[in-house]
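Enquirer: Got a sequence here, can you model it:
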Amino acid sequence: MFAEWQDRAACKGETEAFFSYDEERVAHALAICENCPVRQECLQMALADRNLFGVWGGTTQAERRRIHRRRVA
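Expert: Just a heads-up that it's a prediction; the model follows:
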């Protein structure tokens, strides 16, 4: 499931921090997302695929679950 925008992602090549339970690594991943030029595209993909683990679009999996709950409510 590779999208063309992923080539422009600030996280390209930084997979370890984005798929971790370690709080420091997650914080590092979220910091990279802050200025990513494709953050919105990434977030939209993650919201569409509710099974994605890790940091996507500047959000954690738990944050995306909350977004889904708000959209349904």
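
Enquirer: can you tell me how far residue 71 sits from residue 47?
Expert: From residue 71 over to residue 47 the distance is 8 Å, taken as C-beta to C-beta, to the nearest Å. Where you see a C-beta, it was placed from the backbone N, CA and C, and this is true even at glycine.

Enquirer: likewise residue 26?
Expert: For residue 26, the distance to residue 47 (C-beta to C-beta) stands at 18 Å.

Enquirer: which of residue 71 and residue 47 has more neighbours?
Expert: Neighbours of residue 71 and residue 47, each counted by other C-beta atoms under 10 Å, are more numerous for residue 47; the result is 16 against 8.

Enquirer: can you pull the contacts of the most centrally placed residue in the chain?
Expert: What sits nearest the mean C-alpha location of the chain, by C-alpha atoms, centre = their mean, is residue 56, with 0.6 Å. The neighbours of residue 56, taking C-beta atoms under 8 Å, 6 or more residues apart in numbering as the test, are 18, 42, 43, 45, 46, 64.

Enquirer: Identify the spatial nearest neighbour of the second one, chain neighbours not counted.
Expert: The spatial neighbour of residue 42 that comes closest, neighbours along the chain excluded (C-beta to C-beta, 6 or more residues apart in numbering), is residue 57 at 3.9 Å.
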